[in-house]
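Chemist: predicted model follows, preceded by the sequence.
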Amino acid sequence: MTRMTERAMSPDEIVALMRADFPSWDQSGVKIEEAEYRACRLRLSYHDRFLRAGGTISGPVMFMLADTALFVAVIASVGPKSLSVTTNMSINFFRKPAPKDLIAECRLLKLGKRLAVGDITLFSDEETEPVAHATGTYSIPA
């Protein structure tokens, strides 16, 4: 049994789960750079299909990355619970992201038996100022 301070799933195990449970995972462009207990770092490989008018990465793409980061942090911490679902998410957009890879850094602020609350910051690759910030809650099945 995994102690509550150890990672429950490795990045490779998470990718295998995502491929099995989410058939479009490999087309998403999302890569797991780090996944540990209560935290993860994801990279969304840039593609011009992510752009909206004005040459910036669209809000829905940024929201998808933030939501995915929270899901990965949860299952890295509690194990293969694919039926964990978003119950709430709020995002603030700070500035236009450059047309390049997006990075999501997530940390879980609360990890209970039924709910996890996380904090996600999005950055354009190689930049220090965030482009967006999100908070969200996931429901964890029994």
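Modeler: Structure's in. What do you need?

Chemist: show me what counts as buried in the helix or strand harbouring Val15.
Modeler: For Val15, the host element (DSSP states H and E) is helix 11-21. Using 16 or more other CB atoms under 10 Å as the test for burial, helix 11-21 gives 11, 13-15, 17-18. In short, each C-beta sits where N, CA and C put it, glycine included.

Chemist: and the helices in this protein?
Modeler: With DSSP state H, the ranges of helices along the chain come out as 11-21, 59-78.

Chemist: among these, which comes closest to Tyr37?
Modeler: helix 59-78 (5.3 Å; CB to CB).

Chemist: and the angle from that closest one to helix 11-21?
Modeler: Counting by axes from the mean of the first three to the mean of the last three CA atoms, to 10 degrees, helix 59-78 lies at 120 degrees to helix 11-21.

Chemist: I'd like the average pLDDT over helix 59-78.
Modeler: What helix 59-78 shows for mean pLDDT is 96.

Chemist: so what secondary structure elements neighbour it?
Modeler: On a contact count with 3 or more CB pairs under 8 Å, 6 or more residues apart in numbering; DSSP states H and E, helix 59-78 meets helix 11-21, strand 30-36, strand 39-44, strand 85-93, strand 102-111, strand 115-124, strand 130-139.

Chemist: most tightly surrounded among the ones you listed?
Modeler: Stretch with highest mean neighbour count among the helices and strands packed on helix 59-78: strand 39-44 (a mean of 22; mean count of other CB atoms under 10 Å).

Chemist: so in that sheet, which strands flank that strand, and in what orientation?
Modeler: Paired with strand 39-44 in the same sheet, following DSSP bridges, are strand 30-36 (antiparallel), strand 102-111 (antiparallel).

Chemist: for these, which one sits closest to Arg52?
Modeler: Across these, Arg52 has its closest neighbour in strand 102-111 (13.7 Å, CB to CB).

Chemist: strand partners of the worst-scoring helix or strand of the chain on mean pLDDT, parallel vs antiparallel please.
Modeler: The helix or strand of the chain with the lowest confidence, counting by mean pLDDT, DSSP states H and E, is strand 51-52 at a mean of 88. Next to strand 51-52 in the sheet, as set by DSSP bridges, lie strand 56-57 (antiparallel).
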